[in-house]
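Colleague: Just need the structure, nothing else, for what follows:
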Amino acid sequence: MSVASAPGKIILSGEHSVVYGAPALAFSVKQRLTVNFTPDLLPRLSWFTPDRAHEMALEKFSTLRHKLDAAFDGYLRGERSISEIFSRPAELIFYTVDVARILGNLERIPRGKFDIQSDIPVGAGMGSSAALLAALLKLFSKHEDLATLIEQVRHCERLQHGRGSLIDAATVTMGGLVKVEQDQANRLGLLPDIFNNDWYWIFTGTPATSTGVCVERVRSQFEQSDIWSEFAAVTHRIETAQTDLDQLFSAIQDNHRLLNRIGVVPARVAALIERIERLGGVAKIAGAGAVSGDAGGLVLAYLPNQTPDALKLPSLMRWGRVESDGQGVSLGDDV
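Modeller: You can find the predicted model right below:
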């Protein structure tokens with residue numbers, strides 16, 4: 001059996017400003033997604049979810065890849081929406097496996113079956129999709145160059161979102177604390193110890209608007225704004241806080257206020273963050289947010305000497321402790 005895994009991620013700062021060349025920070029989390037592959041003799045590749053099996057004959061992979069690339073070109077020409085690329089979600093998995101075959105210079109895709117196990121909450125803005133693609137690429141290509149893996153994660157993810165996220169791809173691939181600026185990614189090391197205690201993620205619900213819709217709405221109103229230099233300054237303060245809790249607190253608060261100004265913090269989420277601040281904490285959305293509806297995706301929060309249970313969250317919201325892990329994508333022998 002072959003195994004590969006990749007971590008989830010949380011964006012620390014720069015969710016929208018990175019589009020305009022400002023820096024963004026994210027870190028990998030302890031929760032990981034694992035892909036287990038078992039070879040067999042049948043002329044197909046299959047994988048399993050709790051409710052069904054998915055399989056494809058080996059000779060069809062290349063045809064699928066060409067079909068999806070052509071469909072994406074149609075999206076770029078405005079002939080279809082991004083939601084019309086796939087006829088079924090499993091196609092992204094098979095597409096990624098064929099990209100891995102090319103990356104690994106393999107003549108053919110291995111026969112066999114694989115299963116996917118994940119501790120990363122799905123749909124919570126913690127990078128489960130990027131982690132899956134990174135693990136598949138690593139498992140089937142065995143490629144060692146991280147920059148190439150990052151670019152291929154983005155290449156595959158573009159079919160799902162229109163444009164692959166560099167911050168997601170880089171963080172789940174490299175692990176640790178990652179900085180992205182001007183389309184370049186650098187690993188800064190491990191998440192500072194200042195984040196070890198009393199930091200939590202709170203999932204407020206899946207946003208009513210996609211990341212792409214949020215980005216376009218913000219672009220239409222703020223593309224030429226000076227606000228992006230303010231975002232860049234806040235990200236720099238977060239990066240340099242290290243052991244200065246007061247500096248980190250004020251930077252997180254200012255980051256939240258800036259996100260409010262560009263209109264991506266739903267009123268219900270803003271009210272939640274106000275309650276956190278009244279309890280002596282700080283918080284901000286950790287993702288694209290939303291420009292309509294009540295849910296804002298993930299919130300990163302600091303609550304001193306208490307847990308989010310003190311907030312009496314609605315039953316649909318869930319939370320967990322922030323636990324970072326410096327390990328990026330890896331093969332089983334490296335885990």
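Colleague: Following the chain past the helix or strand of the chain with the lowest mean pLDDT, name the next helix or strand.
Modeller: Within the chain, no helix or strand scores below helix 211-222, which has a mean of 83 by mean pLDDT, DSSP states H and E. Proceeding C-terminally, helix 211-222 gives way to helix 227-241 as the next helix or strand, assigned by DSSP states H and E.
Colleague: elements contacting that following helix?
Modeller: Contact here means 3 or more C-beta pairs under 8 Å, 6 or more residues apart in numbering; DSSP states H and E; on that basis helix 227-241 packs against strand 2-13, strand 24-39, helix 245-261. (C-beta placed from N, C-alpha, C; glycine too.)
Colleague: and of these, who's closest to residue 105?
Modeller: strand 2-13 (17.1 Å; C-beta to C-beta).
Colleague: packing partners for that closest one?
Modeller: Checking 3+ C-beta pairs under 8 Å, 6+ apart, strand 2-13 ends up next to strand 24-39, helix 128-141, helix 166-174, helix 227-241, strand 298-302, strand 330-331.
Colleague: Switch these over to JSON lines; also include mean neighbour count, mean pLDDT and distance to residue 184.
Modeller: JSON lines is the format used below for the helices and strands packed on strand 2-13 (neighbours: other C-beta atoms under 10 Å; pLDDT from 0 to 100; distance: least, C-beta to C-beta, whole Å):
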{"stretch": "strand 24-39", "mean neighbour count": "22", "mean pLDDT": "94", "distance to residue 184": "11"}
{"stretch": "helix 128-141", "mean neighbour count": "28", "mean pLDDT": "94", "distance to residue 184": "18"}
{"stretch": "helix 166-174", "mean neighbour count": "29", "mean pLDDT": "94", "distance to residue 184": "9"}
{"stretch": "helix 227-241", "mean neighbour count": "18", "mean pLDDT": "94", "distance to residue 184": "15"}
{"stretch": "strand 298-302", "mean neighbour count": "24", "mean pLDDT": "96", "distance to residue 184": "24"}
{"stretch": "strand 330-331", "mean neighbour count": "16", "mean pLDDT": "92", "distance to residue 184": "23"}
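Colleague: Save these as CSV, and put in distance to residue 217 too.
Modeller: Formatted as CSV, the helices and strands packed on strand 2-13 follow (distance: least, C-beta to C-beta, whole Å):
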stretch, distance to residue 217
strand 24-39, 19
helix 128-141, 22
helix 166-174, 19
helix 227-241, 14
strand 298-302, 19
strand 330-331, 37
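Colleague: Mind listing what's buried along stretch 256-272?
Modeller: Neighbour counts over stretch 256-272 (16 or more other C-beta atoms under 10 Å) mark 256, 258, 259, 260, 262, 263, 264, 265, 266, 269, 272 as buried.
Colleague: And the first one, how close does it get to residue 145?
Modeller: Using C-beta to C-beta, to the nearest Å, one obtains 37 Å as the distance from residue 256 to residue 145.
Colleague: likewise the third one?
Modeller: Going from residue 259 to residue 145 by C-beta to C-beta gives 35 Å.
Colleague: now do the fourth one
Modeller: Counting by C-beta to C-beta, the gap from residue 260 to residue 145 is 40 Å.
Colleague: do the same with the fifth one
Modeller: When C-beta to C-beta is the yardstick, residue 262 and residue 145 sit 36 Å from each other.
Colleague: again with the second one
Modeller: Distance of residue 258 to residue 145, given as C-beta to C-beta: 36 Å.
Colleague: Let's verify the residue lying farthest from the centre of the chain: helix, strand, or coil?
Modeller: Going by C-alpha atoms, centre = their mean, the residue of the chain most distant from its centre is residue 41, 35.0 Å out. Applying DSSP: H, G, I helix; E, B strand; the rest coil to residue 41 yields a three-state assignment of coil.
Colleague: so who does it touch?
Modeller: Contact partners of residue 41, counting by C-beta atoms under 8 Å, 6 or more residues apart in numbering, are residue 111.
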